[in-house]
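*Asks:* prediction below, plus the sequence it came from.
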Amino acid sequence: MKPKLSAYVSDSVAQRLELAAKRPGTNKSAIVEAAVDRFLNPERDTSGDAALIRRLDRMSRQLDRADRDLSIMAETIALFVRYYLTITPPLPSGDQDAARALGRERFEMFVVQVGKRVASGGRLVADVMEQVSTSNPDLFMRHLEEGAPLGANKDSSSTESRSQHATGEQPGPSPARREEVGYV
């Protein structure tokens with residue numbers, strides 16, 4: 001025989017208890033016993049906690065991916081800006097007004113294109129990475145034992161580009177090297 005208990009609850013709790021007890025296979029005593037048991041012994045019912053932990057883990061992984069993607073985007077933009085500033089000569093003062101007008105027009109077109117990509121759900125970075133990985137799967141491989149640059153073939157004995165080799169011209173300094181030397 002189970003001991004009988006009396007308890008006072010608020011009207012809102014009493015109403016919710018009434019609604020829960022109307023479900024088939026339940027009664028007020030079973031609901032109150034389960035609630036008190038869970039309150040007094042939280043380790044006993046961990047099914048809700050396990051679901052919460054799984055969801056928090058999934059959210060943590062999503063945040064990690066977003067953080068990684070944001071870091072890649074920031075680094076990409078920084079490298080592009082450095083490269084652009086390295087190779088772009090200053091304009092004469094007479095051409096600056098026309099260049100600003102053209103820049104505003106190009107920026108407006110850029111914003112429209114970004115809006116279209118976002119609205120369509122397309123991801124340019126993912127598209128480009130997929131295209132690069134299918135056309136040149138070794139692009140991000142580095143043969144460390146030979147000190148080769150990224151994308152170099154293991155059997156390649158020279159780091160010259162094919163176009164420089166074909167035309168016989170001497171390679172110029174890279175944008176990063178031009179920046180270091182002061183060609184900016």
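*Replies:* Alright, I've got the coordinates. All values reported here derive from a predicted model rather than from experimental measurement. Numbering: from 1, shown residues only.

*Asks:* how would you label A74: helix, strand or coil?
*Replies:* helix (DSSP: H, G, I helix; E, B strand; the rest coil).

*Asks:* now do it, the pLDDT please.
*Replies:* We have a pLDDT of 89 for A74.

*Asks:* and if you look at the one 10 residues further on?
*Replies:* According to the prediction, Y84 has pLDDT 88.

*Asks:* in what helix or strand does it lie?
*Replies:* For Y84, the host element (DSSP states H and E) is helix 47-87.

*Asks:* what element comes up after that helix heading to the C-terminus?
*Replies:* Taking DSSP H and E, what comes next after helix 47-87 is helix 96-120.

*Asks:* just checking, what packs against that following helix?
*Replies:* Contact partners of helix 96-120 among helices and strands, from 3 or more CB pairs under 8 Å, 6 or more residues apart in numbering; DSSP states H and E: none. C-beta coordinates here come from the backbone N, C-alpha and C atoms, glycine included.

*Asks:* which residues sit against it?
*Replies:* Helix 96-120 has contacts (CB atoms under 8 Å, 6 or more residues apart in numbering) with L91, R123, L124.

*Asks:* if we go to 6 Å?
*Replies:* With contact meaning CB atoms under 6 Å, 6 or more residues apart in numbering, helix 96-120 is reached by L91.

*Asks:* list the contacts of N27.
*Replies:* N27 sits in contact with A21, where contact means CB under 6 Å, 6+ apart.

*Asks:* same thing but at 10 Å, please
*Replies:* Residues near N27 by CB atoms under 10 Å, 6 or more residues apart in numbering: A20, A21, E33.

*Asks:* now those residues as CSV including pLDDT and distance to A101?
*Replies:* Output for the contacts of N27, formatted as CSV (pLDDT from 0 to 100; distance: CB to CB, whole Å):
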residue, pLDDT, distance to A101
A20, 90, 69
A21, 91, 74
E33, 89, 77
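
*Asks:* specify which member of these is nearest to L70.
*Replies:* A20 (44.7 Å; CB to CB).

*Asks:* return the helix or strand in the chain with minimum mean pLDDT.
*Replies:* Of all helical and strand segments in the chain, the minimum by mean pLDDT, DSSP states H and E falls on helix 162-167, at a mean of 44.
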